[in-house]
Each structure stands twice: as structure tokens, then as C-alpha cells.
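Student: below are the sequence and a predicted model; questions follow.
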Amino acid sequence: MDADALMLARVQFAFTISAHIIFPSVSIGLASYLAVLQGLWLWRREPVYLTLFDYWKTIFALVFGMGVVSGVVMSYQIGANWSVFSDRAGPVLGPLLGYEVLSAFFLESGFLGVMLFGRERVGERLHFASTALVALGTLMSAFWILSANSWMQTPAGHVVAADGRFLPEDWWKIVFNPSFPYRFAHMVLACYLTTAFVVGATGAWHLLRGGGQAARTMFSMAMWMAAIVAPAQLVVGDLHGLNTLQHQPAKIAAMEGHFETQRRAPFIIFGLPDPDAETTRYALQIPGAGSLVLGHSLDAEILGLKHWPKDERPDPRIPFFAFRIMLAIGMLMIAVGLWSLLARWRGRLHEARWLHRATLAMGPSGFAALLAGWFVTETGRQPWIVYGLMRTAEAASPIGAGPLSASLTAFVLVYLLVFGAGTLYALALMATPPEGGLPEPREATRRAAHARGAEAVP
């Protein structure tokens, strides 16, 4: 494959996976949110939780469906555009992806129908169990996908056969490879934060328009999640960074824009990395902060990109800027969470109009941070597809630039049409007031009244 065809294959996969990852990031968070709402309904018997459950389960079903459809395409794309990689890494990655289908996807699809349509048929406790199992299935799906991708970042537990194929030797080491625990925790928290700000923005939208108890409840729950998870993500991100420094130091050098190996390395707030000149131009930096953050010591030595041959260095321009976008959004999320705590302490959480406007503006922020982090992860490991063992250029199928260009154009047009329409419909559902959008189930109302000792609803 020539250089143009290789770039088109990479862009095509980057486009499809970027479009795909948006939907699972919400479905993972919403599945857990639905389980919490169902549990609160069983515990407190307040109809608002069931109203919110019915409101968000419709959106979850739509997003889940788009996630499944957009994800199926990538399996065919790997086989078509990356056949050499499929052949060599298939003995390791094939079973991992198979486990995801056999366990996580079957669990999700098996209990999804019960969760969506079975509340009045199977009993409330079994319905809650089904909702919890769907949530567990989404987490298991993330588990296996992140395990497979983490093995590509920090391969372990395999042997390389004479024909170049990677053969499994120790499945425990393959599944729980060195970067997997950190990347899995970082990804799950990112999904929860993304969902928290989607739910919070929806609640803020309705509060700005005089929403009732359901809008107040969803906004309050989302702000609790933001206030707790955003600082936790900062801690997990730091641990993930230390792990990356140990196993993928070239990626860290690209993220930081460092070309020279140095102690008391600065943290470059902004600059323009120039890989040809091997320097970061116009660098605005904090002296010593890079060593302090990355090595937890002012004297920590941080390797620069010049430590590696030019053909083993990632291009620093994408990971440098993507990392700063992710970090800036994370800081804004923490700020909004702290702002919500202050408003809650003052008893004005539901009257703080500027907080509502800020949360509404932050609604898409989780997606931007998630995609930026994914770009850092994938571009920062280049030129390797299996880090240190197999180059991306070696993994591609022998396809010309013409067919790849045509298929990429088709993907872009179809994705914009199909998933653009689905996204607009999801936004329309979120714009519908929770109290007026879905009628409260009669059986749920009767049980709530009975739980309070009141006269049953006829």
C-alpha cells in the first residue's frame, strides 16, 4: 500500500470509530443511570424516578441502536483494509472480541427487551434486575474492547511465531496487560462524565424554561455525578499518565511537545510543535512543572522525541493539541461541579440561571474530551499498530487509493445522513419536557399511592 492509500485507510477507520464511540459513551452511562433510577424508585417510591426512567429509556434505546449499527461496520473494515493485521494479531484479538459478543452483547440484547417493555409483565424486582444486567453488559463490553485495544498499546502474554503471527501464551497477561486497568477506569469515568453533562444539560434546558420536579431531579443527580467523578477522573488520568510514561514514553514526549531529554522539564501550556525543526515554537511554559506532573519530582528526567530514531517517533502535532483540549475540558468540568456544590450549599441549585446556562453550554463537552483523548491514544502510539512490534504500514491490505477514497466518501455521506438524523431525533426527545413528554404509567402511580398508604388510583 502506498503512502496515500495508507493515510486514507487510517482516516477512514478514524472517522468510523470516532462516529461510533459517541454512542457507546452515552449508552454506558445511561444504562447505569437507568439502573440507579429504577433502584431509587423501588427504595423511595417517588414517581419522579419512574418518570425519568421512562423518559431516558427511550433515548437510551435509540442511542444503543445507533451504537450497535455503527460498530458493526468496523469489523468489516478491519478485515478489508487491515487484513495483514487481522492475520497476524487475530489469534489474540479474535477471542477477546468474541468474548465481548458472547458475554456483553448477549447480556445487553437478552435483557434489553425486558428493560424496555417488561415492567408490567415480569414484576418490578425482576425488571430492576434486567436493567442492572443491561448496565453490567455495557460495562463488560467496554471491558473487552478496552482489553483488546490496550493489548495493542502494551502487548503482553504472547509469543511471536515464525510466520510473524502473535500467538497467545498467557491469557491473564493478555487480558490484564500493563495499561488495561488504567485505560479501562479512565474510559468508564469518561463515559459517566459524558452522560452526566448530557443529562445535566437536558435538565438545565428545562429548568431555564420553567421545568418541574423531574427537571430539578435530573439536574441535581447530574451535578452530583459531575462534582464527584470529574475530580476522580483527574486522579485516574494522572495514574494513567504515569503508566504511559513507563510503557510508552514516546507518546508522553509527543503529548508534552518535548524534543529534548531534560530534567526539570517544563509544562508547555501552548506552542506549535515542529517535527521537521525538532522544536516547539512559541512555547508558553511553566518551568519544572512537566517533571513534577509526570515524574512527581522536580528532578525527574523526561525523555524527548530526539531519544528515538525519526522513523519511530509519533508526529506530535495531533497528540499535543488533543491532550490540551482534553485537559482544558476536564478543568471546566471540575469547575462546573464545584460551582454546583456552592449553589447547592446556598440552596439555589435550581434557581442559579448562570449555572444552568453554563451546564447547557457544557452539554457536548464530554464528547469533545472523549474524542480528544482517543486521538491522543491512537496517534501517540504511531508508527506502531502493535506497540514496538508491528508497524501500521505493515498492517494494511494491498488496496489502492482510489477504492479507499470512494469508500471513505460513501461512509461520510451515509453516516451523516443516518446517524445525523438519529442524533437530531435524540435531541428532539431531550427537548421534550419529562413531565409532558411521557405519561406516568397507571400501574406505577397506583403502586406509589399504595406505598404511601393513600387511596389507590382507580
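Tutor: Great, that's in hand. Numbering: from 1, shown residues only.
Student: which residues in the protein form strands?
Tutor: 158-160, 166-168, 262-263, 267-274, 279-286, 301-302, 384-386, 390-391 (DSSP state E).
Student: distance of the residue nearest to residue 149 when sequence neighbours are not counted relative to residue 249?
Tutor: Excluding the flanking residues, the one nearest residue 149 by C-beta to C-beta, 6 or more residues apart in numbering is residue 183, at 7.5 Å. Yep, even glycine has a C-beta here, placed from its N, CA and C like the rest. Remark: distance between residue 183 and residue 249 (C-beta to C-beta, to the nearest Å) = 16 Å.
Student: dump the residue contacts of the residue nearest to residue 149.
Tutor: Going by C-beta atoms under 8 Å, 6 or more residues apart in numbering, residue 183 touches 146, 149, 150, 153, 240, 377.
Student: residue 243 against residue 180, yeah?
Tutor: No - Residue 243 is beyond contact range of residue 180, at 9.7 Å (criterion: C-beta atoms under 8 Å).
Student: more neighbours: which of these two?
Tutor: residue 180 (22 against 19; other C-beta atoms under 10 Å).
Student: nearest residue to the more buried one other than its sequence neighbours?
Tutor: residue 150 (4.0 Å).
Student: give me the pLDDT for the residue nearest to residue 149.
Tutor: pLDDT recorded at residue 183 is 94.
Student: what pLDDT is listed against residue 278?
Tutor: Listed pLDDT for residue 278 reads 84.
Student: tell me the phi and psi of it?
Tutor: phi 60, psi 50 (degrees, to the nearest 10).
Student: count the residues that sit near it.
Tutor: 15.
Student: so what's it up against?
Tutor: 259, 305, 306.
Student: can I get those in a markdown table with pLDDT?
Tutor: Shown next, in a markdown table, are those (pLDDT from 0 to 100):
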| residue | pLDDT |
| --- | --- |
| 259 | 89 |
| 305 | 90 |
| 306 | 89 |
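Student: which of the residues you listed are buried? Put it as a ChimeraX command.
Tutor: Here is the ChimeraX selection string for the buried members of the contacts of residue 278, based on 16 or more other C-beta atoms under 10 Å:
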select :259,305
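Student: let's have the contacts of residue 278 in CSV, adding distance to residue 135.
Tutor: Output for the contacts of residue 278, formatted as CSV (distance: C-beta to C-beta, whole Å):
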residue, distance to residue 135
259, 45
305, 42
306, 47
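Student: so which of the contacts of residue 278 belong to helices?
Tutor: If you go by DSSP state H, these have nothing in helices.
Student: closest to residue 219 among the contacts of residue 278?
Tutor: residue 305 (45.0 Å; C-beta to C-beta).
Student: tell me the contacts of the closest one?
Tutor: Counted by C-beta under 8 Å, 6+ apart, residue 305 has contacts 250, 253, 254, 258, 259, 275, 278, 313, 316.
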